[in-house]
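**Q** task: produce atomic coordinates for the following.
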Amino acid sequence: MPPSGGCAVVVQVGLIGPVVRRIGERRALIVGLVAGATGFAIYGLAETGPVFWVGIPVMALWGLSGAAAQGLMTARVSASEQGRLQGANTSVTGILIGPGIFTLTFAYFIGAGADWQLPGAPFLLAALMLAAAATLSWRVTKGAARL
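**A** Predicted coordinates for the structure are as follows:
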């Protein structure tokens, strides 16, 4: 099993439950998103393989966000709406916008005409997107913190 897979298994099997119980779904969501943003930033700025590897366990913590988001969402819909919620979540995750955006970003930043050669640009873009998601999640779930 690759190290990234091993780290993800540790998070999924051993950390999600205890972390969510200890800090709650809202904070676990934010911690997961910030960890994902940090991991992508490490990947994007890594100039050597060992530095890239440092990002693997950090990135694995991104796994906290999915379970926490799922818990926050399912608590807010009735039992009869759970199927619709799951279908909507699956539809959103199935949208293939990312490959186009990240491929174009990579091509732009490694192209011959680029003023700044930055092969890690797609990772940095992903880091910015997750940081924005963390900020948005923090604001949107303020009411959840009071429940």
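**Q** longest helix in this structure, by residue count?
**A** helix 16-45 (DSSP state H).
**Q** right, and the helix or strand after it?
**A** Per DSSP states H and E, the first helix or strand lying C-terminal to helix 16-45 is helix 49-60.
**Q** helices or strands up against that next one?
**A** Judged by 3 or more CB pairs under 8 Å, 6 or more residues apart in numbering; DSSP states H and E, helix 49-60 is in contact with helix 3-9, helix 16-45. Glycine gets a C-beta too; all of them are placed from N, C-alpha and C.
**Q** deepest-packed of those, please.
**A** Stretch with highest mean neighbour count among these: helix 16-45 (a mean of 20; mean count of other CB atoms under 10 Å).
**Q** what packs against it?
**A** On a contact count with 3+ CB pairs under 8 Å, 6+ apart, helix 16-45 meets helix 49-60, helix 63-74, helix 121-140, helix 142-146.
**Q** check these for me: which has the lowest mean pLDDT.
**A** Lowest mean pLDDT of those: helix 142-146, a mean of 66.
**Q** W62 - nearest residue in space that isn't next to it in sequence?
**A** Nearest residue to W62, sequence neighbours excluded (CB to CB, 6 or more residues apart in numbering): G36, at 3.2 Å.
**Q** wait, what's in contact with the one you found?
**A** 59, 61-62, 65, 126-127, 130 (CB atoms under 8 Å, 6 or more residues apart in numbering).
**Q** on that earlier part again, now the helices and strands packed on helix 49-60 as TSV including mean pLDDT and distance to S78?
**A** Output for the helices and strands packed on helix 49-60, formatted as TSV (pLDDT from 0 to 100; distance: least, CB to CB, whole Å):
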stretch	mean pLDDT	distance to S78
helix 3-9	84	32
helix 16-45	96	18
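**Q** thank you, goodbye.
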